[in-house]
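In: Any chance you can model this:
(one chain, ligands or ions: 1)
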Amino acid sequence: MVIASDRTHIQLDPRQTAAVGGGVGDGELRLLGKSSSPWVFRVRVALGLRSLSYEYIEEDLANKSELLLRSNPVHKKVPVLIHGGRPVCESLVILQYIDEIWRGTGPALLPSDPYDRATARFWAAYVDDKVWHSIQELNRFFGLSDLAVLFHVSRSRTDEQRAEALQNALLAVETLERAFRECSKGKAFFGGDAVGLVDITLGSHPIWMRAVDQTAGTNLLDGDKFPGLAAWAERFMAVDAVNKVVPDAGKLLEQYRASRAKWTTATAADSS
Ligand SMILES: N[C@@H](CCC(=O)N[C@@H](CS)C(=O)NCC(=O)O)C(=O)O
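Out: Next up is the predicted model:
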């Protein structure tokens with residue numbers, strides 16, 4: 001079991017010491033997280049891209065620390081970035097905070113043009129609303145989470161309802177494929193030549209999508225159907241700041257397979 005006092009110090013790149021010293025970026029940085037969390041992953045990528053030094057504190061979400069409850073009294077969730085004693089909550093808010101405070105210490109996460117900035121924020125919100133929701137539906141309807149096993153309603157879904165959930169997820173991915181073409185303008189990332197807000201926001205999804213594909217036999221990350229996104233996922237995962245903190249895909253696949261096996265057994269028992 002992971003315990004709340006599990007702390008890691010992530011070292012500062014010496015080149016950044018001068019850049020963040022003596023200014024608004026000063027102050028101790030602590031991140032309350034959970035290693036398997038896609039939202040925490042986002043923040044760790046952004047901190048890594050800026051080569052910022054921080055203390056990482058792994059939370060036990062079944063037994064939340066006083067520090068977490070005090071720092072995020074509204075949602076009581078991770079990630080929370082504590083900068084100079086002041087907490088910032090919600091992953092997208094934290095990403096934009098990092099971008100504003102440590103401006104100039106690495107490529108900007110948001111474009112300088114206000115229209116491009118609005119577009120990036122729009123797609124980041126789309127990922128959190130639509131894409132995340134459709135993956136959750138797949139998890140429930142295809143027995144990839146323990147909730148699907150527990151809740152009889154998910155097991156009793158018909159094949160038509162399952163097909164509809166998959167169709168909705170595929171439509172969301174198709175929309176992203178188009179968004180990638182528009183935002184990247186032929187470059188490597190949604191953010192252009194460098195990783196930006198949309199890349200990081202979406203970046204936590206490929207390993208989950210791949211695990212869904214491998215367990216449920218779906219084709220969310222189909223290179224033939226979605227060539228732009230599939231190639232983007234490869235490039236994003238190869239970025240140093242990303243692959244250093246990416247959650248263990250093997251472990252995730254194991255969890256999905258275990259839930260799917262329990263779900264298949266329970267579903268068979270229901271129909272006998
Ligand atoms: N919208 C939030 C979502 C954060 C979230 O759901 N965190 C989960 C971990 S993956 C959590 O802390 N769950 C604890 C709980 O729900 O009590 C964000 O973007 O930061």
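In: Leaving out sequence neighbours, find the closest residue to the closest residue to the ligand within the stretch 151-272 of the chain.
Out: Nearest to the ligand in the stretch 151-272 of the chain, going by Cβ to the nearest ligand atom, is residue 201, at a distance of 9.0 Å. No exception for glycine: its C-beta is placed from N, CA and C like everyone else's. Nearest residue to residue 201 in three dimensions, chain neighbours excluded: residue 124, at 4.2 Å (Cβ to Cβ, 6 or more residues apart in numbering).
In: which other helices and strands contact the strand or helix carrying the one you found?
Out: Per DSSP states H and E, residue 124 falls inside helix 114-126. Secondary-structure packing of helix 114-126 (3 or more Cβ pairs under 8 Å, 6 or more residues apart in numbering; DSSP states H and E): helix 159-184, helix 197-203.
In: hey, which helix or strand in this structure has the poorest pLDDT?
Out: helix 14-20 (a mean of 38; mean pLDDT, DSSP states H and E).
In: what residues are up against the residue of the stretch 101-250 of the chain found nearest the ligand?
Out: With Cβ to the nearest ligand atom, the shortest gap between the stretch 101-250 of the chain and the ligand falls at residue 128, namely 6.7 Å. For residue 128, the contacting residues are 92, 201, by Cβ atoms under 8 Å, 6 or more residues apart in numbering.
In: can you list the domains in this protein?
Out: Here the domain assignment for the chain is 6-101, 114-270, based on automatic domain parsing.
In: Next, format those domains as CSV and append distance to residue 107.
Out: Shown next, in CSV, are the domains of the chain (distance: least, Cβ to Cβ, whole Å):
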stretch, distance to residue 107
domain 6-101, 7
domain 114-270, 4
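In: Nearest to residue 108 among the ones you listed would be which one?
Out: domain 6-101 (6.1 Å; Cβ to Cβ).
In: returning to what we had before: could you give me the buried positions within the helix or strand following the helix holding residue 124?
Out: Going down the chain from helix 114-126, the next helix or strand is helix 132-141, by DSSP H and E. Within helix 132-141, the residues scored as buried using 16 or more other Cβ atoms under 10 Å are 132, 134-135, 137-141.
In: All good on my end, thank you.
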